[in-house]
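**Student:** Predicted structure and sequence below. I'll ask about it afterward.
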Amino acid sequence: MKKYAIIVAGGTGQRMKSAVPKQFLLLQGKPILYHTLLQFKKAFADIELILVLPQDQFPTWHLLCQEHPEILQQCPHQLVKGGNTRFHSSQQGVQAILINHHALVAIHDGVRPLVSVTCIQQAFQHAQKHGNAVLAVSSKDSIRQWDPNENIYFPLDRTQIKLIQTPQIFEVSLLKKAFQQEYQDFFTDDASVVELLGTEIQLVEGNYSNIKITTPEDMLIAEALTQNA
Ligand SMILES: Nc1ccn([C@@H]2O[C@H](COP(=O)(O)OP(=O)(O)OP(=O)(O)O)[C@@H](O)[C@H]2O)c(=O)n1
Ligand SMILES: C[C@](O)(CO)[C@H](O)COP(=O)(O)O
């Protein structure tokens, strides 16, 4: 079946507080986005890649592609302008796919460069069989939830909690329908958008190394995890 990966990198990285947008920071000497795109190409040589970036970052990306020719050599991709929220960036990516049936689409955070090739392949297999696949891992920490009435944090059973990652993989026709819905504040990922249509979300095992580069220490962890890789 035809496969697409939409790599959403349309954010401004407020929590990273870096001078350079975090998706362009160098990991092992190459832009984070190169690592992310490459994992999908390694998983499936014939996958079509769509990269979503803020329009004002296009010139920087073009420069990086000149400085690192391996980006376009190994990961040719379509560039699409992002939106004000992650939902609107995913929506732009989905709209860039012109066919309407028989294709699986992975939506993945540009700033999760360490997703494993095996996880990507297994998630696509699961989505092909069961309609969708969303990566998730169990929490290694204890968890508490705020109760505003009692003004306390009460403990939750962590065996009933999953931490959600990307990629999140769906049939293209389902995604197109889902992203025609109006934006809701609770759309924190693509699964929450598709779920509002009444689709049951399928969780598959993610990997703990598949961190989202969000705050400065995540870069140190990512460098450590990719050393000698
Ligand atoms: N308008 C947006 C907002 C986010 N994203 C993407 O969604 C992914 C996960 O978001 P996050 O880590 O929150 O990135 P930022 O929004 O850039 O970071 P922050 O919330 O710290 O500003 C990132 O790859 C980010 O670029 C996007 O494509 N478009
Ligand atoms: C999509 C996501 O990475 C799944 O964990 C996450 O929800 C993105 O959240 P953020 O608020 O954009 O960091």
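**Tutor:** Looks like it arrived, so ask away. Ligands and ions are numbered 1, 2, ... in the order given.
**Student:** near ligand 2, which residues of this structure show up?
**Tutor:** Arg86, Asp109, Ile164, Gln165, Thr166, Thr188, Asp189, Lys212 (C-beta under 6 Å from any ligand atom). Yep, even glycine has a C-beta here, placed from its N, CA and C like the rest.
**Student:** Give me the subset of these that also touch ligand 1.
**Tutor:** Okay, of the residues of the chain next to ligand 2 touching ligand 1 (C-beta under 6 Å from any ligand atom), that's Arg86, Asp109, Lys212.
**Student:** Quick check: nearest residue in space to the second one, chain neighbours excluded?
**Tutor:** Put plainly, it is Asp109. Thr166 (4.8 Å; C-beta to C-beta, 6 or more residues apart in numbering).
**Student:** Mind pulling up the pLDDT for whatever residue of the chain ends up closest to ligand 2?
**Tutor:** Closest approach between the chain and ligand 2, counting by C-beta to the nearest ligand atom: Asp189, at 3.6 Å. With respect to pLDDT, Asp189 scores 98.
**Student:** Just give me how far stretch 103-119 sits from the chain centre.
**Tutor:** Centroid separation between stretch 103-119 and its chain, computed with C-alpha atoms, centre = their mean, to the nearest Å, is 6 Å.
**Student:** quick revisit: buried ones only from the residues of the chain next to ligand 2, please, as a PyMOL command.
**Tutor:** Applying 16 or more other C-beta atoms under 10 Å to the residues of the chain next to ligand 2 leaves a buried subset, and the PyMOL line that selects it is:
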select buried, resi 86+109+164+165+166+189
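**Student:** from the residues of the chain next to ligand 2, which two are the most distant?
**Tutor:** Arg86 and Gln165 (13.9 Å; C-beta to C-beta).
**Student:** what's across from the closest residue to Ile47 other than its chain neighbours in the sheet?
**Tutor:** Spatial nearest neighbour of Ile47, excluding adjacent residues (C-beta to C-beta, 6+ apart): Lys3 at 4.6 Å. Lys3 has the following beta-bridge partners by DSSP bridges: Leu104.
**Student:** dump the residue contacts of Lys3.
**Tutor:** Phe44, Asp46, Ile47, Glu48, Ala103, Leu104, Val105, Ala106, Phe124 (C-beta atoms under 8 Å, 6 or more residues apart in numbering).
**Student:** what's the spacing between it and ligand 1?
**Tutor:** Separation of Lys3 from ligand 1 (C-beta to the nearest ligand atom, to the nearest Å): 20 Å.
**Student:** Quick check: pLDDT value at the residue nearest to Asp109.
**Tutor:** For Thr166, the model assigns a pLDDT of 98.
**Student:** The residues of the chain next to ligand 2 into TSV, with extra columns for secondary structure?
**Tutor:** Listed next are the residues of the chain next to ligand 2 as TSV, based on DSSP: H, G, I helix; E, B strand; the rest coil:
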residue	secondary structure
Arg86	helix
Asp109	strand
Ile164	strand
Gln165	strand
Thr166	strand
Thr188	coil
Asp189	coil
Lys212	coil
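**Student:** which among the residues of the chain next to ligand 2 gets closest to Val94?
**Tutor:** When the residues of the chain next to ligand 2 are ranked by distance to Val94 (C-beta to C-beta), Arg86 comes first, at 12.4 Å.
**Student:** tell me the contacts of that closest one?
**Tutor:** Counting by C-beta under 8 Å, 6+ apart, Arg86 touches Val8, Gly10, Gly11, Phe187, Thr188, Asp189.
**Student:** Alright, I will stop here.
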